[in-house]
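**Q** pasting the sequence and the predicted model now:
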Amino acid sequence: MPHEPLTLDAAAVRTWSSLTLTALGRAREDIDAINVYPVADADTGTNLYLTACSASRSLEAAFGNPADVSEGTGAGGEVQEGADAAGDGPASLAVAVRAYAHGALIGARGNSGTILAQLLRGVADVLGGEPRATTSGGLLAGALTRAAESAYQAVAHPVEGTMLTVAAAAARAGEAAEAAAGSAVDVARAAYDGARAALAETPGQLAALGRAGVVDAGGCGVVAVLGALWQALSGQEVAQEPVRGRAVAVPAPAEPCAEEPDGPGYEVIYLLEAPDAAVDGLRETLDQLGDSLVVVGGDGLWNVHVHVDDPGAAVEAGVVAGRPYRIRITHFGDERRRARTERAQRAVVAVVQGEGLAGLCQEAGATTVLVLPGEPPAAAEIAAAVRRAHAREVVLLPGGAEQRAAAVAAAERARADGVRVAVVPTRSAVQGLAALAVHDPDATFDEDVVAMTAAAGATRHGELAIAERQSFTSAGICQAGDVLGLIDGDVAVIGSGLEETAEAVLERMLGSGGELVTLVLGPEVPDALAARLEAYVQHGHLAVDTVTYRGGRYSAPLLIGVE
């Protein structure tokens, strides 16, 4: 419903946030569909939306109302909000806009979300600081200009024809409107129109867009955010427009360019607590490791985004600079290739803990979601992986009981998008490997799911873990530092060393028979343990084969599967 124009205050920022969520919620699938640069991984709209969700939660907390802003959408793509936009608690413009920018910073997703976070930080630098303009129009124009400038500075190698270009055009249009004695509403409208015009020009500025016949996906998000800003200040409805490339034809270039080579295989994102002086060195190191480098933030807190072939080195660079956390590593080499081909009939998405396990699943053709210790993935992250799989049918392997609920929620979202999804109830990575081993894309979907479920169910799973404190277990009382041997999720053995505990677990698991033992070693476990366990199996169970893998960084000390 139209409402009265608002002044440039905290209430306007809150209304802007609400309208931005609605706009990005409606447009995110269309934006995902035209995402071809810098990586064709079909998640730009989702990343922008999730970044806006985080910004909104932080803003609501500033109003004394910690809203539960869902990461999903309701009917028609409209966001389901946990709080009414009218609000309860007071907040100044400075507090509101800084909270909004901070929420975007800590929750930024992907290249586009990271740049959006820096745009909002630029706005907050002006609106949340000492006023330098005497009019609201001048204040807003200055904020938009600062936003564009800071975004360009945050990107290691800015490229024209992207959301940076759209933001810069919006800022120039806003400055021109303010120079003509325009109000904040006039500046917002001019910025929105300038962004729309710049977006239409992006296919002629960036070859990848021209070849695909689409406008820049991130630029579409900037237009949506600026449209929400104008609507928040004016009270007028923004006309719904189709995303160009989805429903509106874009002329192809006269001479298509040669195909660009594939880029790095991993996207690495993390928050970093580090002094400002250490960030220049971090930027230099990461720039040498990969591309699509964006480092945003300041005052000791940064959001780091980079595409690399060595994700470990990218994280280690953060350790040198300060304290990285909320680390997210996504492999999109397979997804990039899939995005250039016709939609596949069926795919497998596996949620795994351990870089080595992720590599094994990728070699088997699966799209993976890497789980970090203590940080299970959200449903939105798994849903994004389902979209990257680019298939009509998807078999989803949760990897563990703690990921099951998120996987089920992600499957529901994918079904709403018309994708047929089945969740195989795997409770361990070794069950996922067993399921992948019998995956048959040529079988019917139901036959494939039944076979994978049966293979996973026929695999008993064991694990070694180190007790962090004294506690009661199903095998007795353990002390901090004890080695715990778990079978099918329950503690069955308490030992003092890896070798004897692993042998005791193996003996119990093989007591009821088995044909194949799978061992997955953690990053700190020596090869000698694998050799000892293989010899142990061969000595006592001649008919049982053994296969050993390295789980890689982030994996458990030892996983055991018995089929």
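**A** It's in. Numbering: from 1, shown residues only.

**Q** which regions of the stretch 201-350 of the chain sit below the pLDDT cut-off?
**A** 240-263, 332-344 (pLDDT under 70).

**Q** swap in 80 and give it another go.
**A** For the stretch 201-350 of the chain, applying pLDDT under 80 flags the ranges 212, 238-263, 331-344.

**Q** any chance you could map the helices in it?
**A** Taking DSSP state H, counting those that start in this stretch as the criterion, the stretch 201-350 of the chain carries its helices at 207-212, 217-234, 276-289, 311-321, 333-339.

**Q** ranking those by burial, who's on top?
**A** Highest mean neighbour count among the helices of the stretch 201-350 of the chain (mean count of other CB atoms under 10 Å): helix 217-234, with a mean of 28. Placement of C-beta: from N, CA and C, glycine included.

**Q** re the thing from before, now render the helices of the stretch 201-350 of the chain as a markdown table, adding distance to residue 527.
**A** Listed next are the helices of the stretch 201-350 of the chain as a markdown table, based on distance: least, CB to CB, whole Å:
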| stretch | distance to residue 527 |
| --- | --- |
| helix 207-212 | 44 |
| helix 217-234 | 45 |
| helix 276-289 | 28 |
| helix 311-321 | 19 |
| helix 333-339 | 28 |
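
**Q** among these, which is nearest residue 26?
**A** Of all the helices of the stretch 201-350 of the chain, helix 217-234 sits nearest to residue 26, with 8.3 Å by CB to CB.

**Q** quick check on residue 425: phi, psi?
**A** According to degrees, to the nearest 10, the main-chain angles of residue 425 amount to phi -70, psi 60.

**Q** now it: how far from residue 457?
**A** For residue 425, the distance to residue 457 equals 8 Å [CB to CB, to the nearest Å].

**Q** now do residue 502
**A** Applying CB to CB, the value for residue 502 to residue 457 is 24 Å.

**Q** so the two - more neighbours on which side?
**A** residue 502 (26 against 15; other CB atoms under 10 Å).

**Q** and that one, what helix or strand is that in?
**A** Taking DSSP states H and E as the criterion, residue 502 maps to helix 498-510.

**Q** against which helices or strands is that helix packed?
**A** Helix 498-510 sits against strand 460-466, strand 483-487, strand 490-495, helix 527-540, strand 558-562, with contacts defined as 3 or more CB pairs under 8 Å, 6 or more residues apart in numbering; DSSP states H and E.

**Q** what lies in contact with the third one?
**A** By CB atoms under 8 Å, 6 or more residues apart in numbering, the surrounding residues in contact with strand 490-495 are 473-476, 478, 482-486, 501, 504-505, 508.

**Q** can you check the fourth one too?
**A** Counting by CB under 8 Å, 6+ apart, helix 527-540 makes contact with 498-499, 502-503, 506-507, 510, 517, 519, 521, 544, 546, 548, 558, all of which sit outside it.

**Q** and stretch 515-534, what's its mean pLDDT?
**A** Model confidence over stretch 515-534, given as mean pLDDT, is 85.

**Q** same check, this time on stretch 137-151
**A** In this model, stretch 137-151 has an average pLDDT of 92.

**Q** can you get me the centre-to-centre distance for that stretch and its chain?
**A** Distance of stretch 137-151 from its chain centroid, counting by CA atoms, centre = their mean, to the nearest Å, is 28 Å.

**Q** what of stretch 119-136?
**A** So, by CA atoms, centre = their mean, the centroid of stretch 119-136 is 29 Å from its chain's centroid.

**Q** in that stretch, what's buried?
**A** By neighbour count on 16 or more other CB atoms under 10 Å, the buried set for stretch 119-136 is 119-128, 135-136.

**Q** how does this protein divide into domains?
**A** As given by automatic domain parsing, the domain ranges for the chain are 10-234, 266-329, 342-457, 474-562.

**Q** other residues contacting stretch 546-556?
**A** By CB under 8 Å, 6+ apart, the residues outside stretch 546-556 that reach it are 312, 353-360, 370-373, 429, 433, 463-465, 516-523, 530, 533-534, 537-538, 559.

**Q** about what we covered before: orientation of the helix or strand following the helix holding residue 502 relative to helix 498-510 in degrees?
**A** Sequence order places strand 516-521 as the next helix or strand after helix 498-510, per DSSP H and E. Taking axes from the mean of the first three to the mean of the last three CA atoms, to 10 degrees, one finds strand 516-521 and helix 498-510 inclined to each other by 150 degrees.

**Q** show me what strand 516-521 is packed against.
**A** When contacts are defined as 3+ CB pairs under 8 Å, 6+ apart, strand 516-521 packs onto helix 429-438, helix 527-540, strand 545-550, strand 558-562.

**Q** pipe those into TSV and attach distance to residue 148 and mean neighbour count per row.
**A** As requested, those are exported to TSV (distance: least, CB to CB, whole Å; neighbours: other CB atoms under 10 Å):
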stretch	distance to residue 148	mean neighbour count
helix 429-438	45	25
helix 527-540	53	15
strand 545-550	46	16
strand 558-562	49	25
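
**Q** how about the CA coordinates for the longest helix belonging to the chain, as CSV?
**A** Using DSSP state H to define each element, the chain has its longest helix at helix 10-33. Extracted in CSV, the C-alpha atoms of helix 10-33 (Å, rounded to 0.1, in the frame of the first residue of the first chain):
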residue,chain,number,x,y,z
ALA,A,10,16.0,5.8,11.2
ALA,A,11,12.4,4.9,10.3
ALA,A,12,13.2,5.4,6.6
VAL,A,13,16.2,3.1,6.9
ARG,A,14,14.0,0.5,8.5
THR,A,15,11.4,0.8,5.7
TRP,A,16,14.2,0.7,3.2
SER,A,17,15.4,-2.6,4.7
SER,A,18,11.9,-4.2,4.6
LEU,A,19,11.3,-3.1,1.0
THR,A,20,14.8,-4.3,0.0
LEU,A,21,14.0,-7.8,1.3
THR,A,22,10.8,-7.9,-0.5
ALA,A,23,12.3,-6.7,-3.8
LEU,A,24,15.3,-9.1,-3.6
GLY,A,25,13.0,-11.9,-2.5
ARG,A,26,10.8,-11.5,-5.6
ALA,A,27,13.8,-11.1,-8.0
ARG,A,28,16.3,-13.6,-6.6
GLU,A,29,15.4,-16.5,-8.9
ASP,A,30,15.5,-14.3,-12.0
ILE,A,31,18.8,-12.8,-10.9
ASP,A,32,20.2,-16.3,-10.2
ALA,A,33,19.1,-17.4,-13.7
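
**Q** from here on, count from 657
**A** New numbering, starting at 657: the last item is helix 666-689.

**Q** and it, how far from the chain's centre?
**A** That offset, for helix 666-689, works out to 18 Å (CA atoms, centre = their mean).

**Q** check which helices and strands it is in contact with.
**A** Packing partners of helix 666-689 (3+ CB pairs under 8 Å, 6+ apart): helix 700-718, helix 749-763, helix 873-890.

**Q** can you lay out the ones you listed as TSV showing distance to residue 946?
**A** Output for the helices and strands packed on helix 666-689, formatted as TSV (distance: least, CB to CB, whole Å):
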stretch	distance to residue 946
helix 700-718	18
helix 749-763	21
helix 873-890	19
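
**Q** which one of those helices lies nearest to residue 1005?
**A** Between residue 1005 and the helices and strands packed on helix 666-689, the tightest spacing by CB to CB is seen for helix 700-718, at 14.8 Å.

**Q** average model confidence for that closest one?
**A** Mean pLDDT, computed over helix 700-718, is 88.

**Q** quick one on the thing from earlier: is there a quick PyMOL command that grabs whichever of the contacts of strand 1146-1151 are buried?
**A** In PyMOL, a selection of the buried entries from those looks like this (16+ other CB under 10 Å):
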select buried, resi 1129+1131+1134+1138+1139+1140+1141+1142+1157+1160+1161+1164
